[in-house]
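Trainee: Need coordinates for the below:
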Amino acid sequence: EALAALPVTRKHELLERQQAGRSTNVFGGFSALGFGPGMTRVFASPGTIYEPEGTRPDYWRMARAIHAAGFRPGELIHNSFSYHFVPAGSMMETGAHALGCTVFPGGTGQTEQQVLAMAELQPAGYIGTPSFLKIIIEKAAELGVPLPSVKKALVSGEAFPPSLRDWFAERGIAGYQCYATADLGLIAYETTAREGLVLDEGVIVEIVRPGTGDPVPEGEVGEVVVTTLNTDYPLIRFGTGDLSAVMPGMCPTGRTNTRIKGWMGRADQTTKVRGMFVHPGQVADIARRFPQVLRARLVVSGEMANDEMVLQVETHETAEGLAQQLAEVTREVTKLRSEVQMVAPGSLPNDGRVIEDAELKESIAAQQPYEQWCRENIIHVDEVPTRGRPIPSNDPLRTRQLAFGYSQEDLRVLLEPMVAAQAEPIGS
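Mentor: Residues are numbered from 1 along each chain as shown. Modelled structure (predicted):
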């Protein structure tokens, strides 16, 4: 309760604090460390937000997640997270070292070299994004290079759907995911039970109503807010902007900490209605003024400049006077007129959304109407004209590639980015 009384620090606020103090304190006053032997590295995340890394072993607390994914002391891990600018590579490497593993710093790109290194070094498993592991496996199959040693994987940084997990399993690789950020380190990790993610014991996690700092009841979807117990870089009630929900009960593996459902979307739901921005915090403010209201959701629909708002509220009370009062307060808070619809408790979707922009959904769907596209582009086989026998070319692709020295992939992936944007020559 005491923690819930403190304000939530959003990522944009952390960025603003850092930017305001760049000349005197690059970390915006959040870091207890200064440059020198106590701070081994500084990383940069998009924004730019800078994060310090101290000297404490397993600084980002990743060892627990790596162990849960099946890695054990004495094994070699192929780490394909980036070591460039962002902390992801170091996060996993320091965790693996704390566990007693050796790390090959594969980093990103250069797919063929990754395959060859795996084939020769025979690592026990892979750490990186799931999509890059799939690319490596497909490239190995294309080259005819078996990778029999890779039996496990810890993936993060992007979605890991069951279909991709099963694709890995069909190839003998057991993949598990973890949830971590550059600001906080490890937040939660998957276990062999595959029932949600177990929270790391170095953080305090709350699930709050988006746009507010108000904790939601257990099981309700809301924004993940984290307090890290890192004395070097303490972040108190840091809003991740991610949606999740607490799961009931204990993990079947015996781990006793709380579980969450994993990543369920983004919490930022600010939308524009008739030229005015409406924020989730405003909807929460309206609901907070009425004890009868259990949950509230603002639905925006209609064409641009003719938007319509409907405030849906879960309540046991159906008196007409309550709807009128809610409409008046909504106009006071948002400066916009809104209808009010009272619904039975439990009727609103448990998806963490406080504002539903139906107009946005309709406009995106209308950009490429599927039925119309099918009608205009469908090809009937009996209408396809017959072709004569093709005449082989005397100038095949292979000849042109050898003559000019570069393939289309070389030009597109390597040379053009180097010339146009001074990018590093990284490609498969």
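Trainee: switch to C-alpha atoms for all contacts and neighbour counts from now on
Mentor: Noted.
Trainee: Next, the buried residues of stretch 72-84.
Mentor: For stretch 72-84, a neighbour-count test (16 or more other CA atoms under 10 Å) marks 72, 75-83 as buried.
Trainee: In helices only, show me those residues.
Mentor: The members of those all map outside helices under DSSP state H.
Trainee: which one among these gets closest to A180?
Mentor: Nearest to A180 among those, counting by CA to CA, is F81 at 12.8 Å.
Trainee: which residues touch that closest one?
Mentor: 88-89, 92, 106-108, 127-129 (CA atoms under 8 Å, 6 or more residues apart in numbering).
Trainee: now do 7 Å
Mentor: Neighbouring residues of F81 by CA atoms under 7 Å, 6 or more residues apart in numbering: 88-89, 107-108, 128.
Trainee: For it, give its distance to P130.
Mentor: Distance, F81 to P130, using CA to CA, to the nearest Å: 11 Å.
Trainee: Next: A63.
Mentor: Look at A63 and P130: by CA to CA, they are 19 Å apart.
Trainee: again, but for V246
Mentor: Separation of V246 from P130 (CA to CA): 25 Å.
Trainee: residue ranges for the strands of the stretch 1-150 of the chain, please.
Mentor: Using DSSP state E, counting those that start in this stretch, the strands of the stretch 1-150 of the chain run over 9-10, 39-45, 49-54, 76-79, 102-105, 125-128.
Trainee: Columns distance to E1 and mean pLDDT on top of those strands, output as a markdown table?
Mentor: Listed next are the strands of the stretch 1-150 of the chain as a markdown table, based on distance: least, CA to CA, whole Å; pLDDT from 0 to 100:
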| stretch | distance to E1 | mean pLDDT |
| --- | --- | --- |
| strand 9-10 | 17 | 88 |
| strand 39-45 | 32 | 91 |
| strand 49-54 | 29 | 93 |
| strand 76-79 | 40 | 98 |
| strand 102-105 | 42 | 97 |
| strand 125-128 | 37 | 97 |
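Trainee: Can you convert those strands into a markdown table and add a column each for distance to L415?
Mentor: Shown next, in a markdown table, are the strands of the stretch 1-150 of the chain (distance: least, CA to CA, whole Å):
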| stretch | distance to L415 |
| --- | --- |
| strand 9-10 | 40 |
| strand 39-45 | 27 |
| strand 49-54 | 30 |
| strand 76-79 | 27 |
| strand 102-105 | 25 |
| strand 125-128 | 26 |
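Trainee: Of all those strands, which one comes closest to E308?
Mentor: Nearest of these to E308, taken as CA to CA: strand 9-10 at 29.3 Å.
Trainee: which strands and helices sit next to the closest one?
Mentor: Applying 3 or more CA pairs under 7 Å, 6 or more residues apart in numbering; DSSP states H and E, we find strand 9-10 packed against strand 238-244.
Trainee: Would you mind checking which of the buried residues of stretch 72-84 is nearest to G254?
Mentor: For the buried residues of stretch 72-84, the nearest to G254 is R72 (18.7 Å; CA to CA).
Trainee: got a list of what the closest one touches?
Mentor: 99, 101.
Trainee: For it, give its distance to S80.
Mentor: Separation of R72 from S80 (CA to CA): 18 Å.
Trainee: That's all I had, so thanks and see you.
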